[in-house]
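Trainee: need a structure here:
(2 chains)
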Amino acid sequence: MLPRHLPRASKAIGLLLTTSLIVGCATTTSSTSPSTARGATAEETRWLNRITYGVTSQSVAEYRRVGRDGYLDEQLSPGSHPLPPAIAAQIGALELDQLDPAAELLAINAENKRINDLPDPAERDAARKSLNDRGNRLAYEAARRILLEAAYSRDQLREQMVWFWLDHFSVFQYKGNIRWLAADYEARAIRPHALGSFRDLVMATLEHPAMLQYLDNAQNAVGHINENYARELMELHTLGVGSGYSQQDVQQLARVLTGVGLAGPSPPHLKRELEPFYRRQGAMEFNPARHDFGAKVLLGQPLSAQGFAEVEQAVDRLVRSSACAEFISRKLAVYFVADQPPPALVHRLAATFERTDGNIAAVLRELLRSPEFEASLGSKFRDPMHYVVGSIRLAYDARPILNTHPLVNWLNSLGEPLFGRQTPDGYPLVEAGWASSGQMSRRFEIARAIGSGSAGLFEPEDGSSGSNAGFPRLASRLYFEDIEPTLSASTLAALDKATSQQEWNTLLLASPEMNYR
Amino acid sequence: MKRRDFLVGSGAAVGVDLTSLRVAFGAPSTGGAADSRFLLVFLRGGYDCANVVIPASSGFYYESRPTIAVPRPVAADATTALALDTDWALTPILRPSIGALYATGQVAFIPFAGTDDLSRSHFETQDSIELGQPLQGTRDFSSGFLARLNGVLAGGRPIAFTDALPLCLHGRTDVPNISLRNVGKPPFDDRQAQLLQSMYAGNHLAPAVADGLELRATVAREMETEMQEANRGAVTTKGFELEAERVGRLMRDQYRLGFLDVGGWDTHVNEGGAQGTLATNVESLGRGLQVFAQTLGPAWNDTVVVVISEFGRTFRENGNRGTDHGHGSVYWVLGGGIRGGRLAGEQVAVSRSTLLDNRDYPVLNNYRSVLGGLFRRLWSLSPAQLERVFPGAAPADLKLV
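Mentor: Residues are numbered from 1 along each chain as shown, chains lettered A, B, ... in the order given. Here you go, the predicted model:
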């Protein structure tokens, strides 16, 4: 057992552990064979810190068991690892999985209608509030599930990719009815494709009611063109701005997308010749009566298909363009390698993207095994999501938290809430977006909140009484075996001056090393 | 470790007596370049200028917006739009705030303002405006125009009142940023702050860490004063007004260059006219700016606020009673000492034939020229200094200050 309240004494023990660790590691030369030491080397810890949201004892043990190649294989084809039972139980208790977006949207419309017809203003306000409260609760539950999976799933690469694509195909919860749709958007449009086919991902987001509402394509109809989604589909989702498409292309794509909207309570009455074009999938409806069937030219080539098939043809053309391969590859490299990723790496990734028809796992495999990736370990600044989730993983390891509100609040205060980006461009993925002075002091406050108490993380959300958890024990075996070897002399010197375990925790969580991955 | 001087006066330390600061900076200002303050307010999302500063003499405006046009001003009817001159009118919801400032010459509007960037993309255009670089050539994302302005001013003392540092303040030196929407007590004492800083010694984040810890402590002291004032029965404000009041206090006492952004302007659907989504948002903006002006007190006479947005919106309403991404905008210039009460800059009659691409306001007053001209007057900048702020832009002298 390590001493609990005496950082100095625990440090002495740590030195002993560290020494044995270094001796043990001297024989481990190949980075791909399982480590024979008790813990990970500094390089291995940094590698795990990048492949995951942050190193835990479980991730180190698994790495030791299967080696680097084996670990990467597991991460790239996830699915076999169940969540810890306590976390799975929390998620199972949420209302989310029973939600049907199509039914939900119809119910909201009906409820709004009912509320507007209520004669008594007080009753109207109360009904409105209750509807609103439910929306807020569902949006919170969506965020809660994402955070619990990010912190506790063993499929850490997939969890990071879920966040990455949620951000890439960003939706804002306070627009339309997105609070009711956010969980479904994550579970059905994003998660199944997070390591799959990019084309499927684009189609799944295109067809999802959350995106149809967020970027207004639900309103886009022949004679009432709304170009919002068409523009962002090219600019933000597939091609990237300045990649060669024109305002003309935006207008053409907007016409292609006319009629892709939300299903009403019953199918529309259609002329006989339009009936074969009608299509309904969940809450999405392709209404041929709202579609512009005129000829269109996209990226210099005419489109030959008609109706919804034309939408699919247009998406195929976008995702198979080399601009898209380059754009997505670069963004992945920014997320996983460097703010300014080496162009040679991006070109190689783009070639893989094109060769595999946009297979995300294949591109990631190439990226994560590249020398550029190895060379960048420890130098990528953690965005707030990585900082918050990584800190919780370090502080509590496998111990399940009972309350996710503190995590949601910290992400809010750091400016990176889930489903909270108002503009469709997603959050910055580079250090300059998150390392300003205001951000740094906010992080230190969060470090203190986590390091010096239980921060409300162990008060059950159902209001039942929780355990008095006290503060976390960051000076753990994980720390001495795997973290301490990665720390700089200045960080170690500051830790040595801590006057309490809480302060020591706070300093560790606030250190430069904990702000990089 | 090199630290910024946060407090006016050299080397003011943590624990300085705020009362004396207050007296020193609450005194009437002597005027002149050294005291000039500048606040840039960025309306993110592209605000629909045509429904705020209305081209009321244009029949084409009313034809183009059958459901969302703001009705024409009616003389002697204070519920209608306020006539600004023979062509333009202010949306009625702004009468008590911005309208009152206009009447006393403290507001000017610059129609047909904006950038030559025609991407009509929020992000592309916001970025290019914040960088303030020529559109030709490669962009340097580490060099924003307010950061460059700060570089040519002695003691510019910049700050962003935002959660994240905006692109326009990215530059060689770290600029502090803090959102004033919600503020609490400082969590670290001096010894702890020192320990935190020591971990970052030699790290490129060291200045940001030092700035952040110090600013946090300073703002906490300011908020203590706010609470005392509130307890003495001062009117309590909330939302954007409260934020604007806090911004005003920091700009009055400590900072000379500020940045603030306000969101929620992307009105593709159900925008509303004299009332509705846009009107509600613009009302809160107007009241906040009024509170900002009051909070500055005498310093308002040496302060200039410019309100900009990345682009205007389509002149015609769309099929959803909203408007889509357009081009030319209307900028606002406010200040106690400005030559306002007028529309400034190049103009053209608003009609079908003068629209750009038959859909948007054209840009006749480029933001780099307009702001360059303003900065030149405000701080008596030399041509060489101005060239550093806005390379290759010819300053336009609108004689606003």
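Trainee: next, give phi and psi for B:F112.
Mentor: phi 50, psi 40 (degrees, to the nearest 10).
Trainee: what's around the residue of chain B found nearest chain A, how many residues?
Mentor: Closest to chain A within chain B is B:G319: 2.6 Å, counting by Cβ to the nearest Cβ. C-betas here are computed from N, CA, C, even on glycine. Look at B:G319: counted by other Cβ atoms under 10 Å in any protein chain shown, it has 15 neighbours.
Trainee: what do you get for B:D397?
Mentor: B:D397 has 12 nearby residues by other Cβ under 10 Å.
Trainee: bridging residues for the closest residue to the residue of chain B closest to chain A other than its chain neighbours?
Mentor: Using Cβ to Cβ, 6 or more residues apart in numbering or on different chains and skipping the chain neighbours, the partner closest in space to B:G319 is A:H224 (2.6 Å). Counting by DSSP bridges, A:H224 is bridged to A:A221.
Trainee: what residues are up against A:H224?
Mentor: B:318-320 (Cβ atoms under 8 Å, 6 or more residues apart in numbering or on different chains).
Trainee: next, B:W332: phi, psi?
Mentor: Torsion angles, degrees, to the nearest 10, at B:W332: phi -110, psi 140.
Trainee: how much space between the residue nearest to B:G319 and A:E235?
Mentor: 22 Å (Cβ to Cβ, to the nearest Å).
Trainee: give me the pLDDT for the residue of chain B closest to chain A.
Mentor: Confidence at B:G319, expressed as pLDDT, is 87.
Trainee: do the same with A:C25
Mentor: Predicted confidence (pLDDT) at A:C25: the value is 36.
Trainee: B:G151 contacts B:R388, correct?
Mentor: Yes - look at B:G151 against B:R388 with Cβ atoms under 8 Å: they come within range, at 6.9 Å.
Trainee: quick check: closest non-adjacent residue to B:A393.
Mentor: B:R368 is the one closest to B:A393 (Cβ to Cβ, 6+ apart), at 3.8 Å.
Trainee: for whichever strand or helix holds the one you found, name the packing helices and strands.
Mentor: B:R368 is part of helix B:367-379, with elements assigned from DSSP states H and E. Helix B:367-379 sits against strand B:107-114, helix B:145-152, strand B:303-309, strand B:329-334, helix B:383-389, with contacts defined as 3 or more Cβ pairs under 8 Å, 6 or more residues apart in numbering or on different chains; DSSP states H and E.
Trainee: residue 341: how many residues sit nearby?
Mentor: Because you didn't say which chain, this covers chain A. Using other Cβ under 10 Å as the criterion, the residues surrounding A:P341 number 22.
Trainee: try again with chain B
Mentor: So B:G341, with other Cβ under 10 Å, has 15 neighbours.
Trainee: same thing with A:D249?
Mentor: If we define neighbours as other Cβ under 10 Å, then A:D249 has 20 of them.
Trainee: so A:I401, which of the three states?
Mentor: coil (DSSP: H, G, I helix; E, B strand; the rest coil).
Trainee: contacting residues for it?
Mentor: A:I401 neighbours (Cβ under 8 Å, 6+ apart): A:151, A:392, A:407, A:457-458.
Trainee: could you pull out the strands for the stretch 201-350 of chain B?
Mentor: For the stretch 201-350 of chain B, the strands defined by DSSP state E, counting those that start in this stretch cover B:257-262, B:303-309, B:329-334, B:342-343.
Trainee: the ones you listed: which one's closest to A:Q90?
Mentor: Nearest of the strands of the stretch 201-350 of chain B to A:Q90, taken as Cβ to Cβ: strand B:257-262 at 36.9 Å.
Trainee: dump the closest one to CSV, keeping only the CA atoms.
Mentor: Extracted C-alpha coordinates of strand B:257-262, given in CSV (Å, rounded to 0.1, in the frame of the first residue of the first chain):
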residue,chain,number,x,y,z
LEU,B,257,-8.1,47.2,-26.9
GLY,B,258,-11.0,44.8,-26.5
PHE,B,259,-12.8,42.1,-28.4
LEU,B,260,-16.2,40.7,-27.8
ASP,B,261,-18.4,38.5,-29.9
VAL,B,262,-22.1,37.9,-29.9
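Trainee: spell out which parts of the stretch 201-350 of chain A neighbour chain B.
Mentor: A:216, A:219, A:221, A:223-228, A:231, A:235-236, A:241-242, A:247 (Cβ under 8 Å from any Cβ of the partner chain).
Trainee: what residues does the residue nearest to A:G415 when sequence neighbours are not counted make contact with?
Mentor: Leaving aside its chain neighbours, A:G415 sits nearest to B:D163 (3.7 Å; criterion: Cβ to Cβ, 6+ apart). Taking Cβ under 8 Å, 6+ apart, we find B:D163 in contact with A:414-415, A:438-439, B:177, B:179.
Trainee: quick one: the residue nearest to B:G319 from A:R255, how far?
Mentor: Taken as Cβ to Cβ, the span from A:H224 to A:R255 is 11 Å.
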